[in-house]
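K.L.:
mind looking at a prediction? Sequence and model below.
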Amino acid sequence: MLLEQHIEELRAELRRAVDPLERQWIKAELEIAEAELEIFWAECEGTLDVEPPF
């Protein structure tokens, strides 16, 4: 599954979720997925150094 698809599915789940705990879990998963996507694009553009700092 592409990361963009996963994010869209999480957004759809969040819109349908009514349980507060489920919404909290989905929001956390969505934040992680969005951060992973940002990292991916930064690596592709060469604006993020993937080597450890040591």
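P.N.:
That came through, no problem. Residues are numbered from 1 along each chain as shown.

K.L.:
shaky segments in the protein?
P.N.:
Low-confidence segments of the chain (pLDDT under 70): 1, 48-54.

K.L.:
find the centremost residue of it, please.
P.N.:
Closest residue to the average C-alpha location of the chain: Ala33 at 1.2 Å, with CA atoms, centre = their mean.

K.L.:
residues in contact with that one?
P.N.:
Residues near Ala33 by CB atoms under 8 Å, 6 or more residues apart in numbering: 3, 6-7, 10. All C-beta spots, glycine's among them, are computed from the backbone N, C-alpha and C.

K.L.:
what of Ile7?
P.N.:
Taking CB under 8 Å, 6+ apart as the definition, contacts of Ile7 comprise 30, 33-34, 37.

K.L.:
same question, Glu31
P.N.:
Counting by CB under 8 Å, 6+ apart, Glu31 touches no other residue.

K.L.:
ok, and for the helix or strand harbouring it, which residues are buried?
P.N.:
Using DSSP states H and E, Glu31 maps to helix 20-45. Applying a neighbour-count criterion of 16 or more other CB atoms under 10 Å, one finds 26, 29-30, 33 buried in helix 20-45.

K.L.:
just flag the most distant two among these.
P.N.:
Ile26 and Ala33 (10.3 Å; CB to CB).

K.L.:
quick check: neighbours shared by those two?
P.N.:
Common neighbours of Ile26 and Ala33 (CB under 8 Å, 6+ apart) are Leu10.

K.L.:
columns distance to Gly46 and secondary structure on top of the contacts of Ala33, output as a markdown table?
P.N.:
Formatted as a markdown table, the contacts of Ala33 follow (distance: CB to CB, whole Å; DSSP: H, G, I helix; E, B strand; the rest coil):
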| residue | distance to Gly46 | secondary structure |
| --- | --- | --- |
| Leu3 | 19 | helix |
| His6 | 24 | helix |
| Ile7 | 23 | helix |
| Leu10 | 28 | helix |
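
K.L.:
show me how to select, in PyMOL, the buried members of the residues you listed.
P.N.:
Only the buried entries of those go into this PyMOL selection, using 16+ other CB under 10 Å:
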select buried, resi 6+7+10
